[in-house]
Structure formats: C-alpha cells, structure tokens
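**Q** no sequence on hand, only this structure:
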C-alpha cells in the first residue's frame with residue numbers, strides 16, 4: 001500500500017509538473033507578449049494615450065470576469081468528477097450551463113458598453129475620449145467571455161495545450177502583429193483597441209474549434225435548473241473571490257483613471273504588467289492544481305494532498321523569489337525601458353512585487369479552500385476580500401495615487417492569503433511548509449546580497465548594464481545555490497523527466 005501511495009503521489013507531482021510546465025510556458029509567452037505589447041504601446045503612445053487604453057482594457061477584463069458568474073470554476077470542479085464517474089448526462093448538463101449562461105451575460109454587458117458608452121465616458125471616467133474606445137471594446141466582451149469558458153472546459157479535461165495555442169500564442173502574436181502594423185502609420189488608443197478586439201475574435205474562433213474536437217457528443221434538450229442551482233451553489237462564493245483576486249488591479253486602474261489622471265493609470269498598468277511576470281509560475285501552478293486537489297479530496301487521500309500542497313508551495317516560492325530580488329534592486333531601470341515618464345512608478349513596482357512574493361509563499365492555499373467545497377468559508381473570504389479591496393482603494397488611491405493603488409493591492413491580497421493559510425491549517429491540519437522551503441530562502445538571500453554588492457561597486461545605480469549583469473549573476477548564483485543545498489526527490493524526479501525528454505529530442509534531431 002505504501003509503494004502504491006508513493007507511485008500515486010509521484011503521478012500527481014508529474015501530472016502537475018507537466019500541466020504546470022505547459023501552462024507556465026504558455027503563460028510566459030503570453031506575459032512576454034503583454035510585456036512587449038506594453039513596451040510598444042508606452043513607447044509609441046506616451047502615458048496619456050496609454051492611460052486611455054489601459055482604462056478601457058481594464059473595463060473589458062472586468063466585464064469578462066463578471067460575465068461567467070463563477071461557472072468556469074464550477075466546470076473545473078464538476079467535470080473531472082463526472083468524467084471519472086462516467087456520468088455523461090451530468091457532464092453534458094454541466095457543459096451546457098457553463099457555456100450558455102455566461103455567453104448570454106457577456107452579450108448583455110457588451111451591449112451595455114455600446115449603448116451607454118457616452119454616459120460612462122462622461123460620468124464615470126470624466127473623459128469623453130473613452131466613449132469610442134468603449135464602443136470598439138464592446139465586441140470583445142462576449143467574445144472574451146466565450147473564450148474564458150472554453151479555456152475552463154479544456155483545462156477541466158486536462159488539455160492545457162489548447163489554451164496555450166489559442167490564447168497564449170495566437171492571441172498574443174495577433175495583438176503584437178496588428179499593433180506593430182498600425183504603429184507604422186502612427187499609433188493611438190483607438191488603433192490599439194481595434195487591434196486588441198480583432199485578436200480576441202481570432203483567438204476565440206480557434207478555441208471554439210478545439211472545443212468542438214474535445215467535447216463528447218452529449219445532447220441535452222432542456223436546461224436542468226436543479227443542476228444549474230447546484231453549480232451556482234458551489235461556484236458563486238468562489239466567483240466573488242476570483243473576481244477580486246484576478247480583477248483587483250483592473251478595478252484600481254479604473255479608479256485611478258476616474259479619480260486621478262489617465263496618465264497615472266498608464267503608469268500603474270506598466271508596473272502591474274511587469275509584476276505579472278513574477279506571478280506567471282504561481283498562476284500556472286494554481287491552474288493545474290485545481291482538478292488535482294479536487295480529485296485527491298474526493299478520494300480522501302490526505303497524505304498525498306499534504307505532500308502535493310507543500311511541494312507546490314515550495315515551487316511557487318522558489319520561482320518567484322528571484323523576480324522579487326531583481327525588482328527590489330533594479331526597479332528604476334526596469335521601468336525606464338518603457339520611457340522616462342514611467343520611472344515614477346518604481347516604488348509602486350516594488351510594493352506589487354512584495355505582494356507577489358507573499359502570495360507565492362502561501363502556495364495554493366486558495367485552491368485548497370476552493371476545491372474542497374467549503375462554500376460558506378468561501379463566502380466569508382469573498383466578503384472579506386471585497387471589504388479590504390474597497391476600503392484600502394478608497395482610502396489610499398486619492399491620497400497616494402499610483403503608490404496608493406499598489407499598497408491597496410498588496411495589503412488586501414497579503415492579508416487574505418495569510419488568512420487562507422490559517423483556514424487550511426484549521427480545516428485539515430495541513431501546513432504549506434516543510435524544511436525544504438528553507439533552501440530557496442537561503443539561496444535567494446545570499447545571491448541577492450552578492451548581486452547588490454557587485455552592481456553597486458562596479459556600475460552606476462539605475463543603469464541598464466547593471467540590470468543585465470545583475471540578472472545573469474543572480475540567476476546563476478541562485479540556481480547554483482539551490483543545487484548545492486540539495487534537491488528533493490520530487491525536484492530530481494521532474495529534472496530527470498525534463499533531461500530525459502531533451503535527450504530524446506536531441507537523439508531524434510541527430511538521426
């Protein structure tokens with residue numbers, strides 16, 4: 001039994017590593033594309049036009065986050081269960097509700113964007129130029145909603161590469177290509193939003209094609225409202241938490257544009273885009289962990305769940321720590337890449353990176369609560385997150401601008417993630433940490449101090465050359481430190497699989 005349990009644990013670790021690796025690769029392509037897109041937009045448009053674009057972009061993402069009503073999470077939870085039980089009837093009902101209801105809501109919100117564009121621009125954003133951008137973006141809302149639900153379905157079937165192809169590659173490259181093409185004739189917010197909307201349509205078409213190939217041929221003639229009620233009962237509390245976790249920065253961008261200036265919204269958006277790079281791996285691990293945690297919980301495999309929880313926490317912390325150190329040491333030259341006017345956001349960038357580090361250090365605590373059917377606890381967490389977000393945003397943004405928005409983000413998310421970690425311990429007596437977590441902390445501290453001393457003695461502060469040299473030295477020392485401190489059995493298992501795959505690819509290329 002012990003051997004079987006070890007084999008099952010290794011299977012889940014490998015499954016998470018494979019799915020997380022695919023998702024991480026796609027996320028890195030997407031984030032690199034968004035980073036490059038933000039660089040092009042900021043360089044060619046300036047902080048004013050980029051601020052206009054950022055405000056409407058945040059409004060679209062907020063709408064796309066609202067429209068699914070949490071049913072995407074319901075899909076991720078129920079589809080693996082019904083699939084393992086071979087319950088095709090319930091599976092079909094889940095897919096039908098998860099697809100149709102969000103699409104209807106997305107169409108209504110998109111229609112509202114188009115019809116009320118001028119009142120929204122004048123009364124909410126206090127900027128008449130936003131109206132035309134809202135009309136262009138109205139098309140992207142139902143399209144993005146359909147794409148978001150399609151992604152959830154493919155992930156529930158553990159087909160992570162569909163999302164990578166359609167959104168991380170096709171969407172990213174299309175947006176980049178169209179934006180660069182338009183930049184030749186002079187780029188502004190209207191042209192950038194047009195390119196964004198066209199890319200969303202193309203990506204959605206690709207996803208729907210994949211969905212047609214993936215879904216079983218299940219026909220449901222009428223809605224099962226009992227089943228829909230069950231899905232909402234599970235999903236709605238999670239929906240509130242997800243809405244504020246994923247879309248919190250977009251809410252703050254909108255508030256910055258409404259209360260401060262569109263320029264400050266542009267600066268905050270650049271800082272948030274850079275910070276997304278640090279959260280790419282954490283996002284990937286959380287995504288692939290959802291169906292695995294749900295499966296282990298349903299089978300009452302507590303020892304394997306504990307091991308999985310601690311391993312994922314160590315991985316998210318280990319991958320995020322070097323990014324935080326680089327941001328702490330080189331925030332100004334990083335922002336200078338986007339233009340001199342964006343350097344004013346260096347403090348905000350450091351605060352956002354601190355938030356990302358603490359979030360990574362709490363691991364998949366949110367997934368542990370969400371995917372173990374703690375409905376009322378999720379409701380409490382959602383209300384708490386809502387209170388923190390609104391209170392700190394309303395308090396700090398008017399007095400602190402960009403830095404205030406960053407602190408509102410950090411305080412809200414850090415507090416809630418620490419509470420989530422405590423809740424997991426109280427519920428299941430599971431801690432996210434074991435002694436292996438000391439290794440990345442030690443390796444990061446030593447490598448960070450060496451890079452700080454090296455760059456400050458050899459280079460002028462805030463230079464790009466110091467950033468480049470510091471990045472190379474930090475990554476090298478950090479990787480060497482992790483290796484010297486010793487890899488765990490799970491780390492070696494994953495590296496053996498990676499090197500084995502690379503070796504086979506090399507032999508195939510040689511032959």
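**A** On my side now, so go ahead. The model shown is predicted, which means the values in this text are computed figures rather than measured ones. Numbering: from 1, shown residues only.
**Q** and the next helix or strand past whichever strand or helix holds residue 180?
**A** Applying DSSP states H and E as the criterion places residue 180 in helix 172-183. Counting by DSSP H and E, the next helix or strand C-terminal to helix 172-183 is helix 189-214.
**Q** quick one: buried residues of that next one?
**A** For helix 189-214, a neighbour-count test (16 or more other C-beta atoms under 10 Å) marks 189-200, 202-204, 206-207, 210-211 as buried. Quick note: C-beta positions are derived from backbone N, CA and C, even for glycine.
**Q** just the pLDDT at residue 453, thanks.
**A** Note on residue 453: pLDDT of 89.
**Q** tell me what angle the helix holding residue 180 forms with helix 189-214.
**A** Between helix 172-183 and helix 189-214, the angle comes out at 160 degrees (axes from the mean of the first three to the mean of the last three C-alpha atoms, to 10 degrees).
**Q** list the helices and strands helix 172-183 packs on?
**A** helix 2-66, helix 189-214 (3 or more C-beta pairs under 8 Å, 6 or more residues apart in numbering; DSSP states H and E).
**Q** mean pLDDT lowest for which of those helices?
**A** When I compare those, helix 2-66 is least confident, with a mean of 69.
**Q** backbone dihedrals for residue 87, please?
**A** Main-chain torsions, residue 87, degrees, to the nearest 10: phi -90, psi 80.
**Q** separation between it and residue 161?
**A** Distance of residue 87 to residue 161, given as C-beta to C-beta, to the nearest Å: 26 Å.
**Q** and what of residue 401?
**A** With distances taken as C-beta to C-beta, residue 401 is found 41 Å from residue 161.
**Q** just want to know which of those two has more residues nearby.
**A** Higher neighbour count among residue 401 and residue 161: residue 401, with 21 against 16, using other C-beta atoms under 10 Å.
**Q** is it true that the more buried one touches residue 271?
**A** No: with contact defined as C-beta atoms under 8 Å, residue 401 does not count as touching residue 271 (11.9 Å).
**Q** measure residue 282 to residue 90 for me?
**A** Taking C-beta to C-beta, one finds residue 282 at 32 Å from residue 90.
**Q** more neighbours: which of the two?
**A** residue 282 (26 against 18).
**Q** check contacts around the more buried one.
**A** 316, 319-320, 356, 359-360 (C-beta atoms under 8 Å, 6 or more residues apart in numbering).
**Q** give me the neighbour count for residue 271.
**A** Residue 271 has 31 nearby residues by other C-beta under 10 Å.
**Q** do the same with residue 427
**A** 13.
**Q** if I look at it, how far off is residue 420?
**A** According to C-beta to C-beta, residue 427 and residue 420 sit 10 Å apart.
**Q** shared neighbours, those two?
**A** residue 369.
**Q** re the thing from before, in helices, which of the contacts of residue 282 fall?
**A** Per DSSP state H, helices hold the following members of the contacts of residue 282: 316, 319-320, 356, 359-360.
**Q** before we move on, the earlier item: looking at the helices and strands packed on helix 172-183, which is closest to residue 265?
**A** Residue 265 lies closest, by C-beta to C-beta, to one member of the helices and strands packed on helix 172-183: helix 2-66, at 4.4 Å.
**Q** ok, then the element right after that closest one?
**A** Helix 2-66 is succeeded, C-terminally, by helix 71-84 (DSSP H and E).
**Q** for the helix holding residue 180, the averaged confidence score.
**A** Helix 172-183 comes out with an average pLDDT of 88.
**Q** so where is this structure shaky, pLDDT-wise?
**A** Low-confidence segments of the chain, defined by pLDDT under 70, are located at 1-28, 216-224, 237-238, 240-251, 257-262, 375, 461, 490-511.
**Q** on that earlier part again, now for the ones in helices among the contacts of residue 282, which pair is the farthest apart?
**A** Longest distance between any two of these is 12.3 Å, between 319 and 359; criterion C-beta to C-beta.
**Q** which of these two has more neighbours?
**A** Neighbour totals were compared for residue 319 and residue 359, and residue 359 leads with 25 against 19 (other C-beta under 10 Å).
**Q** and residue 194, what is it in contact with?
**A** Contacts of residue 194 (C-beta under 8 Å, 6+ apart): 136, 178, 182.
**Q** and residue 201, how far is that from residue 227?
**A** Taking C-beta to C-beta, one finds residue 201 at 31 Å from residue 227.
**Q** brain fart, residue 86
**A** Separation of residue 86 from residue 227 (C-beta to C-beta) stands at 17 Å.
**Q** between those two, point out the one with more neighbours.
**A** More crowded of residue 86 and residue 227, by other C-beta under 10 Å: residue 227, with 18 against 7.
**Q** shouldn't the more buried one be in contact with residue 92?
**A** No: with contacts counted by C-beta under 8 Å, residue 227 stays clear of residue 92, the gap being 9.8 Å.
**Q** how many other residues sit next to residue 380?
**A** Using other C-beta under 10 Å, residue 380 has 15 neighbouring residues.
**Q** swap in residue 134?
**A** Residues near residue 134, counting by other C-beta under 10 Å: 23.
**Q** residues in contact with the closest residue to it other than its chain neighbours?
**A** Excluding the flanking residues, the one nearest residue 134 by C-beta to C-beta, 6 or more residues apart in numbering is residue 117, at 4.1 Å. By C-beta under 8 Å, 6+ apart, the residues touching residue 117 are 130-132, 134-135, 138.
**Q** how far away is residue 117 from residue 132?
**A** 7 Å.
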